[in-house]
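J.: quick one, structure for this:
(2 chains)
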Amino acid sequence: MLICENLSFSIDGHKLLSNIDFKIKKEKDLLITGPSGIGKTTLLSILCGLQIPTEGSIRYNDISLYSLSENKIDEFRGKQLGIVFQSFNLINAFTIKQNLQIANTAEGSEDTDHIYDLLERVGLADKSHIKVSNLSIGEKQRVAVARAFIGQPKWIFCDEPTSSLDDKNTDIITNLIKEESLRHKASLILITHDKRVQSILNFNEILRLGEVL
Amino acid sequence: MILGVTIITLSVLVNQITKNTFTKNNPDLDVVVGAKGSPLQLVLSSIHHIDIPTGNISYKNAKKIMKHPAIKFGVPISLGDNFQNYRIVGTDKKFLKLYDAELEIGSIWEKPMQSVIGSNVANFTKLKINKFFVGSHGLIDTGDIHSEQPYKVVGILKKTGTILDNLIITSLDSVWNLHSNQNDILKNTDSLEVTALLLKYKNKTSVFSFPRVINKNTSMQAASPNLEISKLFKLTSEAHKIINYLSIIIVSLSFAGILFTLLNNINERKYDLAILRTLGFTRERIFSIILIEGMTISILGSFIGLILGGIVYKCIEFFSLLGRNIVTGQLDFIYEILTIWFVILIISFLTCLIPGIKVYRQNIRNTLLNS
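T.: Model prediction:
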């Protein structure tokens, strides 16, 4: 279970997030929505251990994330969390395969079979040798999704995964994320204000930032 | 890095091996007597067989000096010819005792035109026992040969690690035979000459008085091998210092190069490094990646520099006539080279810490946002 308690975040004296509370049970999904600039990406960064909150706590089952050392947070993120960033955050100088291999290495696994398995499912097995810088946006997004599922993560975070995609690719990526999270029995925490995504995915919980709950 | 370490290695090798060579070549002789001229030239030509001799001295006078009360023993040498650039030394059998020489095979000469050869001479010229060879005029191979009177190899010496390995030793008679008319020798032994006289004092009190007597009262000069070589080292040590300073500057520049390369690299790759953090790489792991990258450049660069320094040294040794008379085989310099290498690696490590710490302190989220 993911428990977010009394979470607040201030930057330069300005309170961006205030008293956020929610719980997500295992294998349940959460949609985080709200207007631009409200702090959705910041909240996702905090949930992933990339940004220390000003107040409050994040607990994954019995682990209090920010009571861990920075190294332990990095290790936890590598083993338990999968992240699909809005800007993909792929290493452009690497090939598709290398991008997945480095994630595999970070997770501490030496088994590479599942890399090909994942690439096949996202439809990029035949392009695994191509550098990421030469891919289209849709293809990059699929690589980012495949990378997020390396290492059997239990929590998948996606930040606006379809913001720069057309309708066809939005369908493909959204369905891919749903299928993979179901297959891995992972909880999905997804930020979007894209109605197309919300219509495809059936979220158990919705957190609307900027609204009085 | 490669250039700096090459120059340092070369400098150390030249310095150490030259010192070793000069030390080992002198079989504890106290003084050399020869024709007037440069005392250093006399020492270099008659003990180290590098320079050309200052001239000849009368054998009659040489024999008188050997009987001087201050002298324990003396060994005359006569130079003038070579075989394939290996010097032919006319002398007496005491010369071999100076270097504790032992025969590998064969025997010592008994007759004129018989010779024993050093181990390097045997290896490089392929001369064997009972083979004949003809010497060339002069101390380097000019092609002007004494074809009428060949030498016979009667013995090959064991390796001594001294200049003896590079010499062809024969009797004084052999050299005189080649350079004078046989009848003249028999008629007038007073006309015989030698190049120098290698001497050992009975006691060290003669160190100052004996050379003064020779230099003042005769047409010859006496030179102390140790004193002359010390003077030479004093002169060359300034050049070594300049070379060393130069190499230190080059190596320091290479450290700066490594530092700026790494800083530039991490600046270009800071986004990629932040991505690695999001994937689960810890700060320590990324820090060690940067350190390994830097140290790989340093280790490879300095190792290639070491090898190149050795290769350049060997080339100089192989292609120069001077190099032939250098005694190699000692490993005394290895300690110094390894110490320098170790110091370079320590400084490299400290240099690599700077970009490593910069990466360690990187804020992932800000880096990703700014990218």
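J.: what is the neighbour count of residue 13?
T.: Using chain A. A:Gly13 is flanked by 5 other residues according to other Cβ atoms under 10 Å in any protein chain shown. From N, CA and C alone the C-beta is placed, and that goes for glycine too.
J.: other chain: chain B
T.: Here the number of neighbours of B:Leu13 (other Cβ under 10 Å) works out to 21.
J.: and the next element down the chain from whichever helix or strand B:Ile169 is part of?
T.: Per DSSP states H and E, B:Ile169 falls inside strand B:167-171. Per DSSP H and E, strand B:167-171 leads on to helix B:172-179 as the next helix or strand towards the C-terminus.
J.: could you check the angle strand B:167-171 makes with that next one?
T.: 90 degrees (axes from the mean of the first three to the mean of the last three Cα atoms, to 10 degrees).
J.: which secondary structure elements does helix B:172-179 contact?
T.: strand B:71-83, strand B:86-91 (3 or more Cβ pairs under 8 Å, 6 or more residues apart in numbering or on different chains; DSSP states H and E).
J.: tilt between the last one and strand B:71-83?
T.: Right, strand B:86-91. 140 degrees.
J.: give me the helices and strands touching strand B:86-91, please.
T.: Using 3+ Cβ pairs under 8 Å, 6+ apart: strand B:86-91 touches strand B:71-83, helix B:119-125, strand B:167-171, helix B:172-179.
J.: tally of neighbours for the nearest residue to A:Ser109 once chain neighbours are set aside?
T.: Using Cβ to Cβ, 6 or more residues apart in numbering or on different chains and skipping residues adjacent in sequence, the residue nearest A:Ser109 is A:Gly151, 6.2 Å away. Counted by other Cβ under 10 Å, the residues lying close to A:Gly151 total 23.
J.: OK, contacts around A:Gly151?
T.: By Cβ atoms under 8 Å, 6 or more residues apart in numbering or on different chains, A:Gly151 lies in contact with A:Gly78, A:Lys79, A:Gly82, A:Ala103, A:Asn104, A:Glu107, A:Ser109.
J.: apply 10 Å and report the result again.
T.: A:Gly151 makes contact with A:78-82, A:103-104, A:106-109, A:111, A:114, A:184, B:279-280 under the criterion Cβ atoms under 10 Å, 6 or more residues apart in numbering or on different chains.
J.: what two of the residues you listed are the furthest from one another?
T.: Using Cβ to Cβ, these span at most 19.3 Å, a distance reached by A:Leu81 and A:Asp111.
J.: who has more neighbours, the two?
T.: Neighbours per residue, other Cβ under 10 Å: of A:Leu81 and A:Asp111, the larger number sits with A:Leu81, 25 against 8.
J.: surely the more buried one touches A:Arg147?
T.: No. With contact defined as Cβ atoms under 10 Å, A:Leu81 does not count as touching A:Arg147 (12.0 Å).
J.: grab the most central residue of chain A for me.
T.: Nearest to the geometric centre of chain A sits A:Phe157, at 2.2 Å (Cα atoms, centre = their mean).
J.: hang on, that one in a strand?
T.: Yes. According to DSSP: H, G, I helix; E, B strand; the rest coil, A:Phe157 belongs to a strand.
J.: quick check: the gap between it and chain B.
T.: 10 Å (Cβ to the nearest Cβ, to the nearest Å).
J.: okay, and the beta partners of that residue?
T.: A:Phe157 has these beta-bridge partners by DSSP bridges: A:Ile83, A:Ile189.
J.: would you agree it is in contact with A:Val145?
T.: No. In this structure, A:Phe157 is not within contact of A:Val145 by Cβ under 10 Å, at 11.7 Å.
J.: so where's the chain uncertain?
T.: With no chain named, the answer covers chain A. For chain A, the stretches with pLDDT under 70 are A:211-213.
J.: look at chain B instead
T.: In chain B, residues with pLDDT under 70: B:139-147, B:180-189, B:319-333, B:371.
J.: please parse it into its domains.
T.: B:31-223, B:231-370 (automatic domain parsing).
J.: would you map the strands across the stretch 151-300 of chain B?
T.: Under the criterion DSSP state E, counting those that start in this stretch, the stretch 151-300 of chain B contains strands at B:151-157, B:167-171, B:193-194, B:196-201, B:220-223.
J.: with respect to chain A, which of these lies nearest?
T.: Closest approach to chain A among those (Cβ to the nearest Cβ): strand B:151-157, 61.6 Å.
J.: list the strands paired with the closest one, with their directions.
T.: When DSSP bridges is applied, strand B:151-157 pairs with strand B:103-106 (antiparallel), strand B:114-117 (parallel), strand B:132-133 (antiparallel).
J.: most tightly packed of these?
T.: strand B:114-117 (a mean of 26; mean count of other Cβ atoms under 10 Å in any protein chain shown).
J.: which ones are touching B:Lys216?
T.: Counted by Cβ under 10 Å, 6+ apart, B:Lys216 has zero contacts.
J.: the residue lying closest to A:Val84 once chain neighbours are set aside: how many residues sit nearby?
T.: Sequence neighbours aside, A:Cys158 is the residue nearest to A:Val84 in space, at 4.2 Å (criterion: Cβ to Cβ, 6+ apart). Applying other Cβ under 10 Å, we find 28 other residues in the vicinity of A:Cys158.
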